[in-house]
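K.L.:
Pasted the sequence and its predicted model underneath.
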Amino acid sequence: MLFLRSRDLVCQEMVELVTDYLEGTLSRRDRRRFEHHLRGCPNCTAYLDQIRATIRATGRIEPDDLTPDAREDLTELYRRWRSE
Amino acid sequence: MLMMSQRPNGDLPGARGVTGRGAASRLCDVEADATLVNRLRDGDEAAFVALVGRYHQPMVRLARTMVSSEAVAEEAVQDTWLGVVRGIERFEGRSSFKTWLFRILANRARSAGAREERIDPILSVDAGRFDAGGQWADPVEQWRTELDDRLEAAVWAPILKSALEQLPSRQRTVVVLRDVEGLSSDEVCSVLGITSGNQRILLHRGRSRMREILDGEMGRD
C-alpha cells in the first residue's frame, strides 16, 4: 500500500488507490481521505463509477459453450479410468 | 444481474455491490457442487459429466491465461479432470470444490512449462492523463452506456472478451478468477500461491486496463 501523508489526495493518487479502496484494505483514515476527495471531485467520482461498471460487466462474461466432442472425449476418459 | 456482496469486506462503503457475481448465486453453486462431488465419489458418471459441463470451459479459460497455446491449455485441463476423478477422496471440503479444482489446474498449468514468465511492466495506471500536479488533464466523461444493461449485453460480450485477452498474462489470470469466476481474494491467493498484496496489485492493473479499453470503445456508439 502507498504511504499517504496527511495532505489531501490528488486525482492521480486516487486512481492508484481505487482497488485498495474497493477491496477494503485502506486504513480507516485513508478511506476517509479517499471519500473526502471523492465528494469534491466529479472526475474521480466518474472514474470510480467506470471501474465499478467494468467489474460488473466483467462478471457477465460467459465461457464459450462446451462442444459435444469435448464432452464425449471427457466422458470417454472417465469410463476408461473407471474400467482400469 | 447485480446483487450486493456479503463478503467479509461487504460492509465497507467502497466495497458494496462491486462484485461481478453475487454471493447468493455462489452459495447455490457451492451446494450444487457438494451434491455432485458426493455422487462422483460413488462413481456416478452423470455427476462427472455435470461437473464437466459446469467447469470445463471456465478451466480452459483460466489455463489459457497461464500457458501459451490452446492445445497446452486443453491438455492441462484434461489432466486436471483425471486428477480429480483419481483424487476425489482427498477433497475434504475445506475449500469450495471450485477453488480446489482451480488450484489443481493452476499447478498443472504452471508445470506444463509453457508459461512465459513475463514481468508486468510497472507503469502507473493512466499516467498520461494527469498534469504535473496530479490532477486530471481532461475531464473524465460519464459512460453513456450501462455495460451490464441486458439489452446491451450482446453488443458488449465480444468487446469484453477481447479486452480480457489484451491483458498481460498474470493480470488476466487474477481478473478471470476474481471478476469472472467470482472467487474471493483469499481463494485467488490459495489457487495461485501468491500473497494478498501481489493479488491486489495484479487485480488493480488488470481492472484498470479493462476500464481503459472499455473507455476507448465507449466513444463509438
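P.N.:
All right, it came through fine.
K.L.:
Any figure for the gap between the residue nearest the centre of chain A and chain B?
P.N.:
By CA atoms, centre = their mean, the mean C-alpha position of chain A lies nearest to residue A:55, the distance being 5.3 Å. Separation of residue A:55 from chain B (CB to the nearest CB, to the nearest Å): 5 Å. All C-beta atoms are positioned from the backbone trio N, CA, C, and that covers glycine.
K.L.:
contacts for the host helix or strand of that residue?
P.N.:
Counting by DSSP states H and E, the element that carries residue A:55 is helix A:42-58. For helix A:42-58, the surrounding residues in contact (CB atoms under 8 Å, 6 or more residues apart in numbering or on different chains) are A:11, A:14-15, A:18, A:21-22, A:37-38, B:2, B:17-20, B:136, B:139-143, B:146-148, B:156, B:160, B:164, B:175, B:179-180, B:207-208, B:210-211, B:214-215.
K.L.:
Which single residue of chain A ends up nearest chain B?
P.N.:
Closest to chain B within chain A is residue A:59: 1.7 Å, counting by CB to the nearest CB.
K.L.:
those helices in chain B, which residues are they?
P.N.:
Taking DSSP state H as the criterion, chain B carries its helices at B:23-41, B:45-64, B:70-87, B:97-111, B:150-165, B:169-175, B:185-192, B:196-218.
K.L.:
Dump those helices into a markdown table; add mean pLDDT as well.
P.N.:
Formatted as a markdown table, the helices of chain B follow (pLDDT from 0 to 100):
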| stretch | mean pLDDT |
| --- | --- |
| helix B:23-41 | 83 |
| helix B:45-64 | 94 |
| helix B:70-87 | 90 |
| helix B:97-111 | 92 |
| helix B:150-165 | 85 |
| helix B:169-175 | 94 |
| helix B:185-192 | 95 |
| helix B:196-218 | 93 |
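K.L.:
right, so those helices: which one is the most enclosed?
P.N.:
Comparing the helices of chain B by mean neighbour count (mean count of other CB atoms under 10 Å in any protein chain shown), helix B:169-175 comes out on top with a mean of 24.
K.L.:
elements contacting that helix?
P.N.:
Other helices and strands packing on helix B:169-175, by 3 or more CB pairs under 8 Å, 6 or more residues apart in numbering or on different chains; DSSP states H and E, are helix B:150-165, helix B:185-192, helix B:196-218.
K.L.:
One more pass at 7 Å, please.
P.N.:
helix B:196-218 (3 or more CB pairs under 7 Å, 6 or more residues apart in numbering or on different chains; DSSP states H and E).
K.L.:
between the helix it packs on and helix B:185-192, how many degrees?
P.N.:
Computed by axes from the mean of the first three to the mean of the last three CA atoms, to 10 degrees, the angle separating helix B:196-218 from helix B:185-192 equals 100 degrees.
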